[in-house]
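*Asks:* Whatever this is, show me its structure:
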Amino acid sequence: MSSEISIRQLLYFKSQDSSINNVQIGTPFQTQRVVKTTQHKLNRFRSTGLSDFRLTTIHTQTPTVNNFRYGFKVDQFQNDNSQTHFLEVYDHPTKYVNSYIAESRKNIAQLRDQANQIRLEISSINSRYQQELKTIEMNFRDKINENYRQIKEDNVLFTTEQYRLSKECLLLMKAKMNMENEQFKLTNRVFQLTLELQS
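*Replies:* Have a look, this model is predicted:
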């Protein structure tokens, strides 16, 4: 409970306690009066601490306005000699709570609108990129098909040209063999003529 008791109340009780200690205890009547006064101060001390505990609970559940939990400075209106804190009978308005709730609802609505807007943007971006991806895929397939047709045509042309060149090569080889045979025959004829001339 010591954390809920204000310093002013401690100082007030200490000053009252010191004044009680200065009383000279002479008669039983004076002793009884001092005991009653001390009990009264202790009861007051205990009730004030409980009220401060209740006030602390109220303070923690009240929204802050301008760095204060109330719209004014509490210490300026507190009577140091009163046994009850004036805020216990103060009618706490709920306008701050309602304002906080309204502001929270407004923020939630704004966040929902932002979330919906982000979803729409994501959907638009997704559809746009899907369309672009489809276009790229179609262009890629068309290019592949075109290259395939070109390669196929080139292959046909190459095969045809290769066959023509092979046939030409065979004809040239055959012509070469015929020329070699003719040359061999002519060489033999020249040799025979040379022998006949020598004889």
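*Asks:* packing partners for the helix or strand encompassing residue 135?
*Replies:* Taking DSSP states H and E as the definition, residue 135 sits inside helix 95-198. Counting contacts by 3 or more Cβ pairs under 8 Å, 6 or more residues apart in numbering; DSSP states H and E, helix 95-198 is packed against no other helix or strand. Any C-beta I mention is one placed from the backbone N, CA and C, and that applies to glycine too.
*Asks:* what pLDDT, on average, does it get?
*Replies:* Averaging pLDDT along helix 95-198 yields 91.
*Asks:* Following the record's annotation, map out the domains of this structure.
*Replies:* What automatic domain parsing lists as the domains of the chain is 2-92, 110-194.
*Asks:* what sits against residue 162?
*Replies:* With Cβ atoms under 8 Å, 6 or more residues apart in numbering as the criterion, no residue contacts residue 162.
*Asks:* From here on, call the first residue 564.
*Replies:* Yes, from this point I'll number from 564; that puts the last item at residue 725.
*Asks:* What count of nearby residues applies to residue 660?
*Replies:* 13 (other Cβ atoms under 10 Å).
*Asks:* got it, and residue 717?
*Replies:* 10.
*Asks:* That one and residue 708: what is the separation?
*Replies:* With the distance defined as Cβ to Cβ, to the nearest Å, residue 717 ends up 15 Å from residue 708.
*Asks:* cool, and residue 732?
*Replies:* 36 Å.
*Asks:* Check residue 678 too.
*Replies:* The gap separating residue 678 from residue 708 is 44 Å, by Cβ to Cβ.
*Asks:* What of residue 688?
*Replies:* 30 Å.
*Asks:* Kindly report the same for residue 730.
*Replies:* Counting by Cβ to Cβ, the separation of residue 730 from residue 708 is 33 Å.
*Asks:* can you check residue 742 too?
*Replies:* 51 Å.
*Asks:* Then residue 682?
*Replies:* From residue 682 to residue 708 the distance is 38 Å (Cβ to Cβ).
*Asks:* One more: residue 714?
*Replies:* Where residue 708 is concerned, residue 714 sits at a distance of 11 Å (Cβ to Cβ).
*Asks:* where do the contact lists of these two overlap?
*Replies:* With the criterion set as Cβ under 8 Å, 6+ apart, the contacts of residue 714 and residue 708 do not overlap.
*Asks:* What's the local residue count around residue 668?
*Replies:* 10.
*Asks:* same deal with residue 659?
*Replies:* Residues near residue 659, counting by other Cβ under 10 Å: 16.
*Asks:* what does residue 738 give?
*Replies:* Using other Cβ under 10 Å, residue 738 has 10 other residues around it.
*Asks:* check contacts around it.
*Replies:* No contacts exist for residue 738 under Cβ under 8 Å, 6+ apart.
*Asks:* what about it, distance to residue 732?
*Replies:* Residue 738 sits 11 Å away from residue 732, going by Cβ to Cβ.
*Asks:* Then residue 687?
*Replies:* Taking Cβ to Cβ, one finds residue 687 at 66 Å from residue 732.
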